[in-house]
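1. fold the following for me, if possible:
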Amino acid sequence: MNLNGITYRLFPPRHVKSILLNLLLPIGDTLFATPAIHALRRHFPEARIVALVFPTNAGVLHANPDIDEVVLHPTGQTFTPANYLRFLASLRRRRFTLAIEFRPYSWWLSVACGVWRRLSLDIPLYQWFLPFGARPWKRRHAVTSYVSVMRPLELEVDQSRLVVHTTDADRIAAARVLAGGDITPHDRVIALHPGGEGFRGMKRWEPARFAVLGDHLARRHGARIVILGGRDELPLARAVAAEMREPATILNGRLSLGQTIAVLERCYLFAGNDSAPLHMAGSLGVATVGIFGPTGLANYRPIGPYVEVARSGLVCSPCFYFVGSAPVWAGSRCRVPTCLHALAVDSVIDAAERAIARKAAEAAGTPAVAD
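-> Residues are numbered from 1 along each chain as shown. Okay, here's the model as predicted:
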């Protein structure tokens, strides 16, 4: 690896003893940062890498072999001024050599923790107010944007797969939950995720259409349908299951993130909105169909060998990007997700069949036939 002079002087591997990763991000963005973290681990094999996370995204890193320790940022009842000062002091005593700031504009936190050598996600503030100035950020994938944090290190990063792991304990626990729904290890499982946070719920396809999709896939492929998501999405899952004629097992709120990964590992197909479960499924090598409306495919397209995408193609879509959507003072012009309302069930079914066919063709050693 050829390091330039300034990089070598500031970050020689033998001098970097500990690294603080600022990963105070949503779950999906945390996943998008994992290829960069994997490259960081290869470059600093002896350093202790500590991830600073929220409780909400901690689970997706708990089995990641590139992370030595996960530290929870105070939130909710644990957040008081006195507790926070003690928290910062405890990190300061760790004397981190280097901070990697995947969360933008968080330099103050690194400084408060006593880390002066930093690499940051360099998003100029004006990008949020002048969206036409954000073209480079709109055109590249979120993984590439997070890789850009470490540009001074000139690392070679494999951006073809997110780093997603679980444990044997999670697999055993997930199998027990599935068995409680009379799903055996021999059953073919198809997972649906009708939820998805962010953008005020505007990334969610209609529950009634998920129900039609689930019924079709269950009958055509002789599969058991499971519905995934957080506890807060339980009403949404119940709405889908109530509309379905085939039985569906609701897993919302019954699985940890690690156990959700374990369920995804054994799925025949995953179909869901643009959210963390979609990106985990794609990277695990599951046949995956992503349902996209307002979010930009260039930024958030799921990564994986058997991924297909369904979208309506309205001229106003996408309108939400990694950086440079509507200016913060303008707000959204949509009050309902028109682009998702225009997405027909048949289009999602076609995408699901293409994803299944691609995986089956590779398993059989024959090329998939394009539509």
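2. can you give the domain ranges for the protein?
-> 14-150, 186-364 (automatic domain parsing).
3. how far off centre is the first one?
-> Think domain 14-150. 15 Å (C-alpha atoms, centre = their mean, to the nearest Å).
4. that one: end-to-end distance?
-> 17 Å (C-alpha to C-alpha, to the nearest Å).
5. and if you look at the longest one?
-> Across its full length, domain 186-364 reaches 20 Å end to end, with C-alpha to C-alpha as the criterion.
6. the residue nearest in space to the middle of the chain: what secondary structure?
-> Nearest to the geometric centre of the chain sits Gly28, at 2.2 Å (C-alpha atoms, centre = their mean). With DSSP: H, G, I helix; E, B strand; the rest coil as the basis, Gly28 sits in helix.
7. now do Ile261
-> Secondary structure of Ile261, per three-state DSSP, is helix.
8. my guess is it meets Val163, correct?
-> No - with contact defined as C-beta atoms under 8 Å, Ile261 and Val163 do not form a contacting pair (11.3 Å). The C-beta positions use only the backbone N, C-alpha and C, and glycine is treated the same way.
9. higher neighbour count, the two?
-> Ile261 (26 against 21; other C-beta atoms under 10 Å).
10. I'd say Ser145 and Tyr321 touch.
-> No - the pair Ser145 / Tyr321 is not scored as a contact, 10.5 Å apart, by C-beta under 8 Å.
11. tell me where the chain has strands.
-> Using DSSP state E, the strands of the chain run over residues 18-22, 48-53, 69-72, 98-101, 118-120, 189-193, 224-227, 248-250, 269-273, 288-291, 307-310.
12. any buried residues in the longest one, and which?
-> The neighbour-count check on strand 48-53 (16 or more other C-beta atoms under 10 Å) flags Arg48, Ile49, Val50, Ala51, Leu52, Val53 as buried.
13. residues in contact with the second one?
-> Just to be clear, that refers to Ile49. Applying C-beta atoms under 8 Å, 6 or more residues apart in numbering, we find Ile49 in contact with Ser18, Ile19, Leu21, Ile37, Leu40, Arg41, Asp66, Ile67, Asp68, Glu69.
14. burial measure for Ala124, as a count.
-> Just so we're on the same page, residue 124 is Pro rather than Ala. 13.
15. figure out which of the strands of the chain is closest to Ala360.
-> Of all those, strand 269-273 sits nearest to Ala360, with 11.0 Å by C-beta to C-beta.
16. what about that closest one, distance to the chain center?
-> That offset, for strand 269-273, works out to 13 Å (C-alpha atoms, centre = their mean).
17. what is that strand packed up against?
-> strand 189-193, helix 207-221, helix 276-283, strand 288-291, helix 345-364 (3 or more C-beta pairs under 8 Å, 6 or more residues apart in numbering; DSSP states H and E).
18. looking at the ones you listed, which is buried most?
-> strand 288-291 (a mean of 30; mean count of other C-beta atoms under 10 Å).
19. I'd like the distance from that strand to the chain centre, please.
-> The answer for strand 288-291 is 13 Å, by C-alpha atoms, centre = their mean.
20. wait, Ile291 sits on Ile349?
-> No - contact criterion C-beta under 8 Å: Ile291 and Ile349 do not qualify, at 11.5 Å.
21. sorry, back to before: tell me which of the domains of the chain sits most buried.
-> Per stretch, and counting mean count of other C-beta under 10 Å, the top mean among those goes to domain 186-364, which has a mean of 20.
22. picking up where we left off before, OK, contacts around the residue nearest to the centre of the chain?
-> So Gly28 contacts Ser275, Ala276, His279, Tyr300 (C-beta under 8 Å, 6+ apart).
23. among those residues, which two are most distant?
-> Across the contacts of Gly28 (C-beta to C-beta), the longest gap, 11.1 Å, separates Ala276 and Tyr300.
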